[in-house]
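**Q** build the 3D model from these lines:
(2 chains)
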Protein chains: 2
Amino acid sequence: MAPLGHLVGTRWTGFCFRLRSYRFCTGNIGQMNRRAAELRVERTVQRIAQVIRVKPEKRDEYVELHRAVPEPVLARLRASHVANYSIHLLRDRLFSYFEYHGDDLGADLRAVAADPATQEWWKLTDPCQERVPEAAPGEWWAAAERVFLME
Amino acid sequence: MAPLGHLVGTRWTGFCFRLRSYRFCTGNIGQMNRRAAELRVERTVQRIAQVIRVKPEKRDEYVELHRAVPEPVLARLRASHVANYSIHLLRDRLFSYFEYHGDDLGADLRAVAADPATQEWWKLTDPCQERVPEAAPGEWWAAAERVFLME
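**A** Numbers count the residues shown, from 1 in each chain, chains lettered A, B, ... in the order given. The predicted structure is shown next:
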């Protein structure tokens, strides 16, 4: 979130609308006996969930690798506006969840894919994984559709 | 996070350890030419991911229902320290992700289950769902194990 103005301790009354990855809010602020009209702009967060299969014979290796993901791999993700990233395992399926704070997910993920440290990392992790049958053509991790959100 | 002391703008050097749902950090703080030893206690967040099947013939109904979840249902979840809750759909599988900020997940989820508004809501959603084969005995949503986290 990138509020314009100093909104700590203020009461906000107004309305909001969304456009691309931004939320625009406008209205009145009551603050310290002073009232003002203000426009607040916030970047909205995309929540991305994806699914892939882990080969049963590689499950332990995959989990072990993720106990110590190389720092340059994490740094590249952060530089691509990825945050709050977790991966969860149920039997032979991995579910990843992350939050994207940027403006161009495609470009940011291409920058991840072009990163040498990430490419080395994927040489270790890719052999542990397999596409799920419901993945779209060209997908490695299959994207799930968000159907509910409580912020 | 609930830091003790005023840590805004400080440099923190020290070490941290986790115990139950808390993280304890101890070390030196350099702040405004003043140095002090301090103990910082933060509540750690549990990230919960779960899986269930949606009956294909009920898929549209399930998605439609989640466009307007009743406010008392959401309020009960928030009162039970649930936040940042999203549900994602891939073909016939639903993946839920939420963050738990409390101390006793079992008690908080029992309070959700005992809530009349939630019980009414589940009368609508339960018929849309089916346990996945890999669910543990007694599980409705099957819990996945977290194997990676980048905060």
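**Q** use CA for all of it now, contacts and neighbours both
**A** Fine.
**Q** can you show me the strands along chain A?
**A** Remark: strands assigned in chain A by DSSP state E are A:11-19, A:22-31, A:34-43, A:46-54, A:82-90, A:93-100, A:129-130, A:142-143, A:145-150.
**Q** tell me the angle the last one makes with strand A:46-54.
**A** Angle of strand A:145-150 versus strand A:46-54, following axes from the mean of the first three to the mean of the last three CA atoms, to 10 degrees, is 130 degrees.
**Q** count the residues that sit near residue A:111.
**A** 15 (other CA atoms under 10 Å in any protein chain shown).
**Q** likewise for residue A:88?
**A** Residues near residue A:88, counting by other CA under 10 Å: 23.
**Q** one more: residue A:73?
**A** As a burial measure, residue A:73 scores 19 neighbours (other CA under 10 Å).
**Q** residue contacts, it?
**A** By CA atoms under 8 Å, 6 or more residues apart in numbering or on different chains, the residues touching residue A:73 are A:117-118, A:121.
**Q** show me the contacts for residue A:61.
**A** Counting by CA under 8 Å, 6+ apart, residue A:61 makes contact with residue A:128.
**Q** what pLDDT does it get?
**A** pLDDT recorded at residue A:61 is 98.
**Q** cool, residue A:117 as well?
**A** 98.
**Q** what sits against it?
**A** Contacts for residue A:117 (CA under 8 Å, 6+ apart) come out as A:72-73.
**Q** do you know how far it is from chain B?
**A** 17 Å (CA to the nearest CA, to the nearest Å).
**Q** swap in residue A:136?
**A** Residue A:136 sits 11 Å away from chain B, going by CA to the nearest CA.
**Q** which residues does that residue contact?
**A** Counting by CA under 8 Å, 6+ apart, residue A:136 makes contact with residue A:142.
**Q** same thing with residue A:49?
**A** A:95-98, A:143-146, B:88.
**Q** ok, now residue A:81?
**A** Applying CA under 8 Å, 6+ apart, the residues contacting residue A:81 are A:100-102, A:108.
**Q** and which of the residues you listed is nearest chain B?
**A** residue A:100 (12.6 Å; CA to the nearest CA).
**Q** before we move on, the earlier item: any chance of the contacts of residue A:49 in TSV with pLDDT and distance to residue A:44 as columns?
**A** Listed next are those as TSV, based on pLDDT from 0 to 100; distance: CA to CA, whole Å:
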residue	pLDDT	distance to residue A:44
A:95	98	22
A:96	98	20
A:97	98	16
A:98	98	14
A:143	97	19
A:144	98	19
A:145	97	17
A:146	97	15
B:88	98	18
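**Q** before we move on, back to that, kindly reformat the contacts of residue A:81 as TSV and extend each row with neighbour count, pLDDT and distance to residue B:134.
**A** Compiled in TSV, the contacts of residue A:81 are given as follows (neighbours: other CA atoms under 10 Å in any protein chain shown; pLDDT from 0 to 100; distance: CA to CA, whole Å):
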residue	neighbour count	pLDDT	distance to residue B:134
A:100	23	97	30
A:101	19	95	34
A:102	18	95	36
A:108	18	97	35
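**Q** in helices, which of the residues you listed fall?
**A** residue A:108 (DSSP state H).
**Q** so which bits of chain A are right by chain B?
**A** A:49, A:63, A:66-67, A:74, A:83-91, A:95, A:97, A:134, A:143-151 (CA under 8 Å from any CA of the partner chain).
**Q** any of the residues you listed buried? List them.
**A** Among those, those scoring as buried are A:49, A:63, A:74, A:83, A:85-90, A:95, A:97, A:143-149 (criterion: 16 or more other CA atoms under 10 Å in any protein chain shown).
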